[in-house]
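A.B. asks: Structure, please.
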Amino acid sequence: MKYRSEFLIAATKSGSGKTLLTLGILAAMARRGIDVQPFKCGPDFIDPSLHEQVVNRHSINLDLHMMGRDGCLKSYARYGQESDAVIVEGVMGLFDGGSFSSASLAELLDIPVLLIIDVRSAAESVAAVLKGFEVYNPHTRICGVIFNRVGSERHRQLIEDAVTGSCSSKILGFFPRDIDFEMPSRHLGLHMGHEQDYSSTHLEKLAESVEQHIDIDQLLQISQQQFKHNKPDQAQPVTQDIRLAVARDEAFCFYYEENFEILRSNGFEIVPFSPLHDSRLPDNIQGIYLGGGYPELYARALSANSAMRESILQWAQSDGFIYGECGGFMYMTRQLTDIDGVTHPMSGIFQVSVKMKPRLSKLGYRKMEIKKDCGLGESGQFVYGHEFHYSDIVERHSDIEFLYDFDDGRSEGCLMGNSFGSYVHLHFSQSVENIHRLHSLLAKK
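C.D. replies: Residues are numbered from 1 along each chain as shown. Next up, the predicted model:
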């Protein structure tokens, strides 16, 4: 009978230091030689990339809205089956999101919660906050609590006395607010993992701080539970005979790792290429996948690489399959106007112009009905994704068909020939049959 440490790291609200402490706990475990599998609750691309800078494993999104309950359970079992420990980083506050919240995911996975409370500008009142979280939902098991951004020894003592006298959760640590570890951010959130200068010395310092201020031994002990999740279905090996060119560079870096696994298991070979640095598409491909990222930050360089823009446009004009989402969709348009008002020519597949805005334009989960039979699925099928962008379409040619109908009545996306683009990041977990169908369509070409 196998036992291991499994828990979800949550907070009372966003901005409580959840990501920093998750990275620190991952680093501390890695330093101890523990093989830990990280997961991220929700649709975030950035936090998983940060996890991967600390541990030698892909971090996997678990999103109840996009993947459904079965999808989350299967991914948790598949990726966590060979690890010594599992850590899931939550999203927003523990109960934010209702049935799609971090608490709901912890209940589904049957794992306890490590709660982080930001105690800036509060002392004894922290006990009331913790007490509320302890009793709010009887199905949520809080295994311990960490108080973050503690200002002094006196501050610590006031909190400890109040909590000890009225709460049942184990205090696992008081993390000081003066730890010198910056998490630089930009308009879409934190910087991606590959952009961070996390040297081994930097991570070692963070791990040492966590070991000093958090009782990792007790955390490992109280989060131990029987590893009872069923092993995932053993899929038969699939010959990967469809070469799918996938944009992977500084400008295009938002992908769900699970999507790649679904593509590979349905016969696709992932062939990375760079619209920033390469002059042409890879050889012998049958399709192109342009993921999200930051094309607005690299718009000048993307535009200057006219050879690649022309290569992609010629592929589209020859009826080659292209799917782009969010940043990838922006690259498929005629032009992109950046936040400074400078307009940069893009690949020109769609006669559409997009412009960056100073504020968030759209945010939220999307359930979409495919409008007509196409490479992404059949008419009437539903697909699931998430939308988060700071740009808008400011010009759109009337000949371009819409790709989806939203459940609120709006239409979204662009369809021209065998080219498809949308602001929505799709997760394929609930539409695997569409990926299988796409393989069959491309295999006939």
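
A.B. asks: For this protein, which helix or strand comes out least confident on mean pLDDT?
C.D. replies: Averaged element by element with mean pLDDT, DSSP states H and E, the chain has its least confident helix or strand at strand 189-190 (a mean of 45).

A.B. asks: quick one: average confidence on whichever helix or strand comes after that one?
C.D. replies: Toward the C-terminus, strand 189-190 is succeeded by helix 200-213 as the next helix or strand (DSSP states H and E). For helix 200-213, mean pLDDT rounds to 89.

A.B. asks: all strands of the stretch 201-350 of the chain, in order?
C.D. replies: With strands called from DSSP state E, counting those that start in this stretch, the stretch 201-350 of the chain shows them at 224-226, 242-247, 252-254, 268-273, 287-290, 292-293, 321-325, 335-337, 343-345.

A.B. asks: can you list those in JSON lines and add mean pLDDT, distance to residue 381 and mean neighbour count?
C.D. replies: Every C-beta, even on glycine, is put in place using the N, C-alpha and C of the backbone. As requested, these are exported to JSON lines (pLDDT from 0 to 100; distance: least, Cβ to Cβ, whole Å; neighbours: other Cβ atoms under 10 Å):
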{"stretch": "strand 224-226", "mean pLDDT": "90", "distance to residue 381": "38", "mean neighbour count": "14"}
{"stretch": "strand 242-247", "mean pLDDT": "98", "distance to residue 381": "21", "mean neighbour count": "23"}
{"stretch": "strand 252-254", "mean pLDDT": "96", "distance to residue 381": "24", "mean neighbour count": "23"}
{"stretch": "strand 268-273", "mean pLDDT": "98", "distance to residue 381": "19", "mean neighbour count": "18"}
{"stretch": "strand 287-290", "mean pLDDT": "98", "distance to residue 381": "19", "mean neighbour count": "24"}
{"stretch": "strand 292-293", "mean pLDDT": "96", "distance to residue 381": "22", "mean neighbour count": "26"}
{"stretch": "strand 321-325", "mean pLDDT": "98", "distance to residue 381": "15", "mean neighbour count": "25"}
{"stretch": "strand 335-337", "mean pLDDT": "98", "distance to residue 381": "30", "mean neighbour count": "20"}
{"stretch": "strand 343-345", "mean pLDDT": "98", "distance to residue 381": "34", "mean neighbour count": "15"}
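
A.B. asks: Can you convert those strands into CSV and add a column each for distance to residue 215?
C.D. replies: Rendered in CSV, the data for these read as follows (distance: least, Cβ to Cβ, whole Å):
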stretch, distance to residue 215
strand 224-226, 14
strand 242-247, 43
strand 252-254, 36
strand 268-273, 42
strand 287-290, 44
strand 292-293, 39
strand 321-325, 43
strand 335-337, 50
strand 343-345, 52
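
A.B. asks: Which among those strands is found nearest to residue 368?
C.D. replies: The closest approach between residue 368 and any of these, judged by Cβ to Cβ, belongs to strand 321-325 at 11.8 Å.

A.B. asks: what packs against the closest one?
C.D. replies: Counting contacts by 3 or more Cβ pairs under 8 Å, 6 or more residues apart in numbering; DSSP states H and E, strand 321-325 is packed against strand 287-290, helix 306-317, helix 327-332, strand 419-422, helix 432-443.

A.B. asks: now what about whichever helix or strand comes after the fourth one, what contacts it?
C.D. replies: Towards the C-terminus, the helix or strand next in line after strand 419-422, according to DSSP H and E, is strand 425-427. Counting by Cβ atoms under 8 Å, 6 or more residues apart in numbering, strand 425-427 makes contact with 43, 45, 61, 63, 66-67, 254, 256, 258-259, 291-292, 325-326, 383-388, all of which sit outside it.

A.B. asks: With stretch 206-226 instead?
C.D. replies: Outside stretch 206-226, the residues within contact range by Cβ under 8 Å, 6+ apart are 1-7, 20-21, 23-25, 27-32, 85, 110-112, 114, 143-144, 146, 170, 172-176, 179, 181.

A.B. asks: for the strands of the stretch 201-350 of the chain, which one sits closest to residue 36?
C.D. replies: Nearest to residue 36, of all the strands of the stretch 201-350 of the chain, is strand 224-226, at 13.7 Å by Cβ to Cβ.

A.B. asks: Now the terminal residues of stretch 161-171, how far apart.
C.D. replies: When the termini of stretch 161-171 are compared using Cα to Cα, to the nearest Å, they are 11 Å apart.

A.B. asks: go on, stretch 329-349?
C.D. replies: Start and end residues of stretch 329-349 are separated by 10 Å (Cα to Cα).

A.B. asks: buried set for it?
C.D. replies: 329-338, 344, 346-349 (16 or more other Cβ atoms under 10 Å).

A.B. asks: what sits opposite the closest residue in space to residue 362 that isn't next to it in sequence in the beta ladder?
C.D. replies: Leaving aside its sequence neighbours, residue 362 sits nearest to residue 387 (Cβ to Cβ, 6 or more residues apart in numbering; 4.8 Å). Here residue 387 sits in beta bridges with residue 364, as judged by DSSP bridges.
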